[in-house]
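Colleague: mind looking at a prediction? Sequence and model below.
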Amino acid sequence: MTLANKRACVIGAGFGGMALAIRLQAAGVATTIVEARDKPGGCAYFWQRDGFVFDAGPTVITAPACLDELWGLTGHHMANDVELMPVSPFYRLNWPDGTNFDRYGDDAALRREIARIAPADLAGYDEFLRYSAHVYREGYQRLSNAPFPSFASMIKALPALTRHQAWRSIHAMASKYVKSEKLREALSFQTLLLGGNPMTASALYSLVHTMEQDGGVWWARGGTNRLAAAMARHFERLGGTIRLHDPVVQVETLGNRATGVHTQSGWHERFDAVASNADIMHTYRDLLGGTQRGKAYARSLARKRFSPSLFIVHFGIEGTWPGIPHHTVLFGPRYKGLLDDIYEYGVLPRDLAIYLHHPTVTDPSMAPPGKSTFYALVPVAHMGKLTVDWDQIGPLLERRVLDEVGRRLIPDIHDRIVTHFHYAPRHFALDLNAHLGSAFSLEPVLSQSAWLRGHNRDDAIGNFYLVGAGTHPGAGIPGVIGSAKVTAALMLEDMAQ
């Protein structure tokens, strides 16, 4: 039987699920995406309020070539469906003492910034950059697109991992090369945008620095949601089917094979292969909860470390702010202590580290004329560690976040607010079935990477697959798009047999 006679289902229309579905459909497999929410995008959801467009996230687009490849499979061009706009500086880092550090893609401009805050570290930065480039070639270009179907396959990667001291944390590796604590933070904080603690996430994540330097940082005109919509449009152009607003409630199995899916509305369809882009715990505990495999692997997952959650304040305000870059990180007075509170102790700290997203400085269409769209994101412990009533805590924390943004950037922020709302860990749990409200699935530590992460192809159910943040290589847009490439290769190989 040829691929033209095969049918596949992808559960979840997040970036990973849609990228997988595009690859399958482009190869001739009749593919259906089944999505619980009323719009495609998964985490890349959006809201429109009072003329403002609020992206749920993610907001940092890197490695655009991996996205363009999805259109290139069939001779199409991504630029015909969505416009990517360059962001410069990539982001601004701000510390409580008033120090700013702008991360530019231009090497000369970046070196001027380093010379301004840590002149003695220029040579060390060059060494870090060389290390990052080596890791990028080995860890991203080669290993992230390679499947790890067995423990033996991971053993084969050990020499490369050992050569690059993958057991060290990214902060420890940055500290090896530079002495300025501010520069160490500037070279390590990016793992927070992937759910990782800079103090424990592998030094391999230094590859993000080279990924940004080589490929730039981008924004999709109209919001990240427009990239999600473009992927959905391209998938349907190829003949694929998207079923929205109808959650899958069960993956049907017979013996060691997945045979179809059942949805909340009562819809049922049979497929030759099924892949899940849903939360990994939800997938095994709930969708496969009637199987021994689902129950056993859910117990195993419950013992693993899950990434923290996020608290996000969305707000639209009067005025335009050309002096506030698209991406700003407002560091608090502590770094390691704050991370320990979030990742280890599960407390709500008194101090805050805030990622401030300001898309209207790049793309004014995100707000009415003369107004600006923002969101302020704060990492918080997941609900397994931080057991608070978010209905009570949410409004208080929202006020604290806005007060801090006002104190450091927009003094009359409360007078300018037109509309605002917050998104808390319980929303991640309710809207996305995210285990413990985690925003990034399994925590990205070395002991939960590659084969030690959720497997792209299930070990027991031979035609059931995973795609997205919970499987190899991990979270972030390049990560989940890469997982789709790995999973598609396995699915196509299996279905061709």
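Modeller: Happy to help now that I have it.

Colleague: can you tell me the element Arg111 falls in?
Modeller: Counting by DSSP states H and E, the element that carries Arg111 is helix 107-117.

Colleague: so which elements touch that helix?
Modeller: Using 3 or more Cβ pairs under 8 Å, 6 or more residues apart in numbering; DSSP states H and E as the contact criterion, the secondary-structure elements in contact with helix 107-117 are strand 100-103, helix 122-135, helix 181-186. Every residue, glycine included, has its C-beta placed from N, CA and C.

Colleague: so which of these gets nearest Thr210?
Modeller: When the helices and strands packed on helix 107-117 are compared for distance to Thr210 using Cβ to Cβ, the nearest one is helix 122-135, at 4.5 Å.

Colleague: would you mark the buried spots in that closest one?
Modeller: When neighbours are counted by 16 or more other Cβ atoms under 10 Å, the buried residues of helix 122-135 are found to be Gly124, Tyr125, Phe128, Leu129, Tyr131, Ser132, Ala133, His134, Val135.

Colleague: coming back round to it: let's have the helices and strands packed on helix 107-117 in a markdown table, adding distance to Leu330 and mean pLDDT.
Modeller: Below are the helices and strands packed on helix 107-117 laid out as a markdown table (distance: least, Cβ to Cβ, whole Å; pLDDT from 0 to 100):
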| stretch | distance to Leu330 | mean pLDDT |
| --- | --- | --- |
| strand 100-103 | 11 | 97 |
| helix 122-135 | 23 | 93 |
| helix 181-186 | 12 | 97 |
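
Colleague: redo those as TSV? Include distance to Ala489.
Modeller: Supplementary listing: the helices and strands packed on helix 107-117 in TSV, determined by distance: least, Cβ to Cβ, whole Å:
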stretch	distance to Ala489
strand 100-103	34
helix 122-135	23
helix 181-186	36
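
Colleague: ok, which of the ones you listed comes nearest Cys66?
Modeller: Of all the helices and strands packed on helix 107-117, it is helix 122-135 that lies closest to Cys66, at 17.2 Å by Cβ to Cβ.

Colleague: can you list contacts of the closest one?
Modeller: Outside helix 122-135, the residues within contact range by Cβ atoms under 8 Å, 6 or more residues apart in numbering are 111, 114-115, 164, 173-174, 177-179, 183, 187, 203-204, 206-207, 209-210, 213.

Colleague: only the buried members of those: can you turn that into a ChimeraX selection?
Modeller: Of the contacts of helix 122-135, the buried ones can be selected in ChimeraX as follows, counting by 16+ other Cβ under 10 Å:
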select :114,164,173,174,177,178,183,187,203,204,206,207,209,210,213
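
Colleague: for the closest residue to Ala228 other than its chain neighbours, grab the count of nearby residues.
Modeller: Computed as Cβ to Cβ, 6 or more residues apart in numbering, the closest residue to Ala228 that is not its neighbour in sequence is Gly41, at 3.4 Å. Neighbour count of Gly41, defined by other Cβ atoms under 10 Å: 26.

Colleague: using the three-state scheme, assign Ala475.
Modeller: Three-state assignment for Ala475 (DSSP: H, G, I helix; E, B strand; the rest coil): coil.

Colleague: can you say which helix or strand has Lys295 in it?
Modeller: helix 292-302.
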